[in-house]
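Enquirer: heads up, no residue letters with this:
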């Protein structure tokens, strides 16, 4: 099986068993080895007391992108460290999009940077994630 097909099958299996990503309303735009472009719309129930998206929303979107990208190589991976910097607010109705950059991939770890943009292509958050690659192959 080629790497693009494997990546799609893995992300299909992950997404289909991921109620959080489904609740967020995540749409998968692009799946591929080390790649995950996701899109979602900010809904009213995602807002905090300042009428902007709760920080956990951008974090959760970026975390899903990290998980899909890191696992797409065929080896099961789990996050071991993550951090986010929020640089602009997201409001109700905004469409958020991820861009994942795979910075390092070794047999045991992976390092990823995820930028979350709004519909105007303006960054709203920068996320960094490190994953542990378990060595266990995905069976899809």
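Expert: It's in. Being a predicted model, the structure only gives us computed values, none of them experimental. Residues are numbered from 1 along each chain as shown.

Enquirer: next one: the residue nearest the centre of the chain relative to residue 29, how far apart?
Expert: With distances taken as CA atoms, centre = their mean, the residue of the chain nearest its centroid is residue 65 (1.3 Å). Separation of residue 65 from residue 29 (CB to CB, to the nearest Å) stands at 10 Å. Placement of C-beta: from N, CA and C, glycine included.

Enquirer: cool, residue 80 as well?
Expert: 27 Å.

Enquirer: what's the answer for residue 71, then?
Expert: 17 Å.

Enquirer: setting aside sequence neighbours, what's the nearest residue to residue 136?
Expert: Leaving aside its chain neighbours, residue 136 sits nearest to residue 76 (4.6 Å; criterion: CB to CB, 6 or more residues apart in numbering).

Enquirer: tell me the pLDDT at that neighbour?
Expert: The predicted local confidence for residue 76 comes out at a pLDDT of 98.

Enquirer: likewise for residue 104?
Expert: In this prediction, residue 104 has a pLDDT value of 98.

Enquirer: mind checking the SS state of it?
Expert: Here residue 104 is recorded as strand under DSSP: H, G, I helix; E, B strand; the rest coil.

Enquirer: any idea how far residue 36 is from the closest residue to it other than its chain neighbours?
Expert: Of all residues beyond its chain neighbours, the one nearest residue 104 is residue 111 (4.1 Å), with distances taken as CB to CB, 6+ apart. Distance, residue 111 to residue 36, using CB to CB: 15 Å.

Enquirer: ok, these two, which is more surrounded?
Expert: For the pair residue 111 and residue 36, the greater number of neighbours falls to residue 36 (28 against 16), based on other CB atoms under 10 Å.
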